[in-house]
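Chemist: Task: produce atomic coordinates for the following.
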Amino acid sequence: MSTMTLGAALGQALRRTMTDDPRVVVMGEDIGKLGGVFRITDGLLDEFGASRVIDTPLAESGIVGTAIGLAYRGFRPVVEIQFDGFVYPAFDQIVCQVAKLHYRTRGQVTMPLTIRIPWGGGIGAAEHHSESPEAYFVHTSGLRVVAASNPQDAYVMLRQAIASDDPVVFFEPKRLYHSKGEVDLDLSLADAAPMGVARVARVGSDVTVLTYGAQVPVCVDAATAAEDEGLSLEVIDLRSLSPVDYRTVEASVRKTGRVVVTHEAASEAGVGAEIIASVTERCFHYLESAPVRVTGHDIPYPPAKLERHHLPDLDRILDGVDRALGRPNSVTEVGS
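Modeler: Prediction:
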């Protein structure tokens, strides 16, 4: 076991897959000589050369389009989109080509393409550098969409994504790049939890809190704080946003009877809305109260000095828990 940051774990995952499989190539803006804006690919150019670590022009549509061609030719490309808000120029390629080629060719063509996206707020940056566009891709059939929340998952899930014959949109929470944890670098993919399986980050009995990415440690902290009031929160790290591991989610909801879903993205038509709809369909007779969403506000991402008011924090999550329990809260002011 080694202690490392989430960012370093991602770099080790790339290094491991490139060593094990000569078909893996990485490409993106400034990923070679600079090592990437967040230094995830630092050192890879010296180790694997410019034919496998490719600095690209500032043209996301061209980057993904080139990766499609490489995947057609048997490579396993890994694309880095420099910031979450820069993915939109590549949206046409991802939605109209990447997600559909396997279906369009009746299975004759696979798209083993991984699209890494540094994602989310909390780093004091501007819009286009702090966005949460995951719902666009979750809505797109033909894509796997995953989000890591800790160094061990980052290391294993990125390797799993690259090994997959399906295209994977891999979200990396920027504000957790420097968070540290234990990583088993020798863990084989056969022994690791599958990429599509959720993780119970904290066991509880009163309320199920569903989340992913950078919100996971916030929710775990909220669960710790809730103990002071005698409340037991079960925190589920979804890990996979498409498909969602509803088996794990349902087991928790049927135990607690109450649900809070939280994410950084806006509430309107977000991932939380889909999860709540599905949970309601699957667990209606187990629910003791209406599910609750705690999300970013329905606005463009605010200036850095205001983002602490935008991102769901411990207090807002606990307020959502109070709503689910019918206790006094910011919406109803009094309990139900």
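Chemist: which residues does the residue nearest to the spatial centre of the chain form a beta bridge with?
Modeler: Closest residue to the average C-alpha location of the chain: residue 147 at 1.9 Å, with CA atoms, centre = their mean. Per DSSP bridges, the residues bridged to residue 147 are residue 171.
Chemist: Report all helices and strands that the longest helix belonging to the chain contacts.
Modeler: Using DSSP state H to define each element, the chain has its longest helix at helix 6-20. Applying 3 or more CB pairs under 8 Å, 6 or more residues apart in numbering; DSSP states H and E, one finds that helix 6-20 contacts strand 24-28, helix 44-48, strand 76-80, helix 151-163, strand 168-173, strand 180-183. Bear in mind the C-beta positions are built from the backbone N, C-alpha and C, glycine included.
Chemist: Looking at those, spot the one closest to residue 275.
Modeler: Ranking these by proximity to residue 275 (CB to CB) places strand 168-173 first, at 15.8 Å.
Chemist: The nearest residue to residue 179 once chain neighbours are set aside: what's it in contact with?
Modeler: Distances taken as CB to CB, 6 or more residues apart in numbering put residue 6 closest to residue 179, at 5.4 Å, once the chain neighbours are dropped. Taking CB atoms under 8 Å, 6 or more residues apart in numbering, we find residue 6 in contact with 148, 150-151, 154, 172-173, 176-181.
Chemist: Report the two of the residues you listed separated the most.
Modeler: It's 172 and 180 that sit farthest apart of the contacts of residue 6, by CB to CB, at 15.4 Å.
Chemist: Could you check which of these two is surrounded by more residues?
Modeler: residue 172 (27 against 14; other CB atoms under 10 Å).
Chemist: what residues are up against the more buried one?
Modeler: 6, 10, 40, 116-119, 147-148, 154 are the contacts of residue 172 under CB under 8 Å, 6+ apart.
Chemist: would you say residue 234 is within a helix?
Modeler: No: assessed with DSSP: H, G, I helix; E, B strand; the rest coil, residue 234 is strand; it does not lie in a helix.
Chemist: Give the bridge partners for it, please.
Modeler: Following DSSP bridges, residue 234 is listed with bridge partners residue 208.
Chemist: circling back: restrict the longest helix of the chain to CA atoms and write it as CSV.
Modeler: Written as CSV, here are the backbone C-alpha positions of helix 6-20 (Å, rounded to 0.1, in the frame of the first residue of the first chain):
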residue,chain,number,x,y,z
LEU,A,6,-5.9,11.4,-6.0
GLY,A,7,-4.0,13.2,-8.8
ALA,A,8,-1.0,11.0,-8.3
ALA,A,9,-3.1,7.9,-8.3
LEU,A,10,-4.6,8.9,-11.7
GLY,A,11,-1.0,9.4,-13.0
GLN,A,12,0.0,6.0,-11.8
ALA,A,13,-3.1,4.4,-13.4
LEU,A,14,-2.1,5.9,-16.8
ARG,A,15,1.5,4.8,-16.3
ARG,A,16,0.4,1.2,-15.4
THR,A,17,-2.0,0.9,-18.4
MET,A,18,0.5,2.3,-20.9
THR,A,19,3.2,-0.1,-19.6
ASP,A,20,0.9,-3.1,-19.8
